[in-house]
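Undergrad: would you be able to build a 3D model of this:
(one chain, ligands or ions: 1)
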Amino acid sequence: MTKILMVCLGNICRSPLAEGILQSKLDDKLFKVDSAGTSSYHIGNKPDPRSIAVAKQHGIDITKQQARQFIKQDFIDFDIIYAMDNSNYDNIIALAENDAEKSKVKLILNESFPAKNLDVPDPYYGGDTGFDNVFILLDDACQKISQQLNSLT
Ligand code: 4NP
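TA: Here you go, the predicted model:
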């Protein structure tokens, strides 16, 4: 079982979408996908209603998700950790104990735009179009991730 963790700041906007989108492209018998936030701001909360809505428009149900904070144990429990932006990346790397843990952490948009180190923009303080844009970016990145992972099975 390959385990993939999606990480943003609040675990209510971007990473819940990334979790739902990637899950929709993989066999759940072979892959586990989860998400977490680097902050404690929204622990226990459902995804933002705007993330729930854009996922639903694309046939993906993320309403069962509950926000949790990233913990050091996640370096042990997961094989690949995708950060949504550079700030998330730096915060995760700061918790790593060794190079093996650091090597699990990647910026998700490098899947679509190799080595460009681009951020998935934080849509929290914007309108609905920000969430549409985030969905498009994450769907493309997750398509590439799923092609790589499925080619290994
Ligand atoms: P996320 O978005 O990191 O994509 O879940 C945010 C959610 C909440 C906050 C910031 C970003 N906040 O400051 O509460």
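Undergrad: quick one: secondary structure of the residue nearest in space to the middle of the chain?
TA: The centroid of the chain falls nearest to Met6 when counting by Cα atoms, centre = their mean (2.6 Å). Secondary structure state of Met6, per DSSP: H, G, I helix; E, B strand; the rest coil, is strand.
Undergrad: for Thr2, name its beta-bridge partners.
TA: Phe31 (DSSP bridges).
Undergrad: okay but it is in contact with Phe78, surely?
TA: No. Taking Cβ atoms under 8 Å as the definition, Thr2 is not a contact partner of Phe78, at 9.1 Å. For every residue, glycine as well, the C-beta is placed using N, CA and C.
Undergrad: so between those two, which is more surrounded?
TA: Phe78 (21 against 14; other Cβ atoms under 10 Å).
Undergrad: for that one, which non-adjacent residue is spatially closest?
TA: Distance criterion Cβ to Cβ, 6 or more residues apart in numbering; nearest residue to Phe78, sequence neighbours excluded, is Leu5 at 4.2 Å.
Undergrad: that neighbour: neighbour count?
TA: 25.
Undergrad: my read: the residue nearest to the centre of the chain touches Gln23, true?
TA: No. Contact criterion Cβ under 8 Å: Met6 and Gln23 do not qualify, at 9.8 Å.
Undergrad: tell me what angle the lengthiest helix in the chain forms with strand 2-8.
TA: Counting residues, the longest helix found in the chain (DSSP state H) is helix 128-152. Put simply, helix 128-152 runs at 160 degrees to strand 2-8, going by axes from the mean of the first three to the mean of the last three Cα atoms, to 10 degrees.
Undergrad: what's in contact with the helix or strand of the chain with the lowest mean pLDDT?
TA: Here the helix or strand of the chain ranked lowest by mean pLDDT, DSSP states H and E is helix 128-152, holding a mean of 95. Under the contact criterion Cβ atoms under 8 Å, 6 or more residues apart in numbering, helix 128-152 has outside partners 2, 4, 13-14, 17-18, 21-22, 25-26, 31, 50-51, 53-55, 58, 82, 108-109, 111-112, 120-121, 123.
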